[in-house]
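Student: Got a predicted structure plus its sequence, pasted below:
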Amino acid sequence: MRYCKFLSPAHGRVYAIVEERDGELWAVRPMPAPEEDRAAASSTQIEFEPRPLKELHLLAPVNPSKILCIGRNYRDHAAELGNEVPKEPLLFLKPPSSLLAPGGVIRMPALSKRVDYEGELGIVIGRRCRNLGPDEDLRPYVRGYTIVNDVTARDLQKSDGQWTRGKGFDTFCPVGPIVSDEIDPAGGSPVTLTTRLNGAIQQQGSTSDLIFPIAHLLRYITTAMTLEPGDLIPTGTPAGVGPVNPGDRIQIQIDGLGVLENIFQPS
């Protein structure tokens, strides 16, 4: 299943099943909202005409209680920033207030002199989980996958000595356009991520190159904390991160998930 979330003038927030038609993603029929967002989203009993996603006012298709990110999970990215490869997954949090919809404007804070893009594959949790066992089937706990841009104020990240402020500004976590369980990077079918800045390829990596694979990440994380439905786990970024300027357009593409596109502007 693939789904999106969009804002309808008549019905408010709507979740819809997504299908591909002639190489384009379409919202084809409404679906029930995930449990973590049922209070805010419309029911399925609405009038609905199939439409291409590009014609909709898309919203971030997740409503997480937490965004739990993985740092330096590609060797080439750790090397390009002069860092050693971590011996265990490096965890940090972005606040849910950093979420941004596809097509939204990423606001570059005046406090920072260098804002970077970081294209990533995101895991969306489907069931509450804690202390996942070494032989436990993880598939029931994964709702699907999405695209994430882990936007970073690189200078603040370095000067602070920890990452909360540099990665936590409002609009610093664009997500979407869809969530899908029709790809299986945790089950041996890696996907390729490509990031384009103003049309030029800057990043190209495969989830087969993750230092800590998805199954390892989920088991490691759940030894420390409970994951709730809707929680989002960006899995790390490949090499090729870099700074942006006002007006720059960023496009992150993952096979089966479409393209997450946003523009940078000053706050």
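Tutor: Great, that's in hand. All values reported here derive from a predicted model rather than from experimental measurement.
Student: Please name the residues that touch the closest residue in space to S65 that isn't next to it in sequence.
Tutor: The shortest distance from S65 to any residue other than its chain neighbours is 4.8 Å, reached at E228 (Cβ to Cβ, 6 or more residues apart in numbering). No exception for glycine: its C-beta is placed from N, CA and C like everyone else's. Going by Cβ atoms under 8 Å, 6 or more residues apart in numbering, E228 touches E36, P64, S65, K66, I125, R128.
Student: Show me the residues you listed that map onto strands.
Tutor: I125 (DSSP state E).
Student: could you flag which of the contacts of E228 are buried?
Tutor: Among the contacts of E228, those classed as buried by 16 or more other Cβ atoms under 10 Å are E36, P64, K66, I125.
Student: Am I right that the first one is in contact with G230?
Tutor: Spelled out, it's E36. Yes. Shown here, E36 and G230 form a contact pair, counting by Cβ atoms under 8 Å, at 3.8 Å.
Student: which two in the buried ones among the contacts of E228 are spaced the farthest apart?
Tutor: Among these, the pair separated by the greatest distance (Cβ to Cβ) is E36 and K66, at 11.4 Å.
Student: what about the helices in the stretch 101-250 of the chain?
Tutor: Ranges of helices in the stretch 101-250 of the chain, per DSSP state H, counting those that start in this stretch, are 154-160, 164-168, 214-222.
Student: Among the contacts of E228, which one lies nearest to G166?
Tutor: When the contacts of E228 are ranked by distance to G166 (Cβ to Cβ), K66 comes first, at 17.8 Å.
Student: Can you tell me the closest non-neighbouring residue to the closest one?
Tutor: D231 (5.5 Å).
Student: Share the number of residues neighbouring the closest residue to D255 other than its chain neighbours, please.
Tutor: Once flanking residues are discounted, D255 sits nearest to V191: 4.9 Å by Cβ to Cβ, 6+ apart. Residues near V191, counting by other Cβ atoms under 10 Å, number 17.
Student: ok, now how distant is V191 from D209?
Tutor: Using Cβ to Cβ, to the nearest Å, V191 is found at 11 Å from D209.
Student: Next: K113.
Tutor: 31 Å.
Student: Name all residues that make contact with R143.
Tutor: Contacts of R143 (Cβ under 8 Å, 6+ apart): P34, V124, I125, G126, V179, D181, P229, G230.
Student: again, but for P64
Tutor: E36, P96, L99, E228, G230, D231, L232.
Student: Out of these, grab the one that's most surrounded.
Tutor: If you rank the contacts of P64 by neighbour count (other Cβ under 10 Å), L232 sits at the top with 27 neighbours.
Student: which residues does that one contact?
Tutor: Taking Cβ under 8 Å, 6+ apart as the test, what L232 contacts is V62, P64, K66, I67, L68, G122, I123, V124, I125, T146, V148, V175.
Student: Would you reformat those as TSV and include pLDDT?
Tutor: Putting the contacts of L232 into TSV (pLDDT from 0 to 100) gives the following:
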residue	pLDDT
V62	98
P64	98
K66	98
I67	98
L68	98
G122	98
I123	98
V124	98
I125	98
T146	98
V148	98
V175	98
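Student: For the residues you listed, pick the one with the most neighbours.
Tutor: Counting by other Cβ under 10 Å, top hit in those: V148 with 30 neighbours.
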